[in-house]
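Enquirer: Dropping a prediction and its sequence here:
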Amino acid sequence: MPPKPINWKMYSKMAVAGIVCCVGGPALIYYISPTEEELFLKYNPELQKRSLENRQGKQEDFDDFVGRLKKYSKSDKPIWFAAAEDEKRQRDSKIAAQAQLVKEIEERKAEIRRQV
């Protein structure tokens, strides 16, 4: 029994369908997705004003975040461990500052009581 001939028509249709799906799908998404400017223009004027006011703060927060990530990446440890250690250190420093503040308040109260 001789081998079946290759069905070139079927393989070419499948190749064309694959190319259409792999190239056409992302191209369609790119075509129909609005840009940031288009989305911004669809906001109502109040939201546009608020967005413009908050833009600088958000940019500073993002820059700070990227800077912290760069600092964490310089460590030998994975980023999430370095971030956890930094958060713990910040939390401990806040607790120490609050404890110092409470101590100062208590000292002032004691001083006021002695004066009265």
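Expert: Arrived safely, thanks for sending. Numbering: from 1, shown residues only.
Enquirer: show me the contacts for residue 2.
Expert: If you count contacts by CB atoms under 8 Å, 6 or more residues apart in numbering, residue 2 has none. C-beta coordinates here come from the backbone N, C-alpha and C atoms, glycine included.
Enquirer: does it count as helix, strand or coil?
Expert: The local conformation at residue 2, judged by DSSP: H, G, I helix; E, B strand; the rest coil, is coil.
Enquirer: mind listing what's buried in the longest helix along the chain?
Expert: The residue-count maximum for a helix in the chain (DSSP state H) belongs to helix 79-115. Judged by neighbour count using 16 or more other CB atoms under 10 Å, the buried positions of helix 79-115 are 82-83.
Enquirer: By mean pLDDT, which helix or strand of this protein comes out lowest?
Expert: Least confident element among the helices and strands of the chain, by mean pLDDT, DSSP states H and E: helix 36-42 (a mean of 90).
Enquirer: Kindly provide the distance from the residue most central in space within the chain to residue 55.
Expert: Nearest to the geometric centre of the chain sits residue 62, at 7.8 Å (CA atoms, centre = their mean). Taking CB to CB, to the nearest Å as the measure, residue 62 falls 11 Å from residue 55.
Enquirer: Can you tell me how far residue 98 is from residue 111?
Expert: Note on residue 98: its distance to residue 111, by CB to CB, is 20 Å.
Enquirer: tell me what whichever strand or helix holds residue 46 is packed against?
Expert: In this structure, residue 46 is located in helix 45-73 according to DSSP states H and E. Under the contact definition 3 or more CB pairs under 8 Å, 6 or more residues apart in numbering; DSSP states H and E, helix 45-73 sits against helix 79-115.
Enquirer: same question for the helix it packs on, mean pLDDT?
Expert: The pLDDT scores in helix 79-115 average 94.
Enquirer: what is the orientation angle of it with helix 45-73?
Expert: If you take axes from the mean of the first three to the mean of the last three CA atoms, to 10 degrees, helix 79-115 sits at 100 degrees to helix 45-73.
Enquirer: Off-centre distance for helix 79-115?
Expert: Distance of helix 79-115 from the chain centroid (CA atoms, centre = their mean, to the nearest Å) equals 30 Å.
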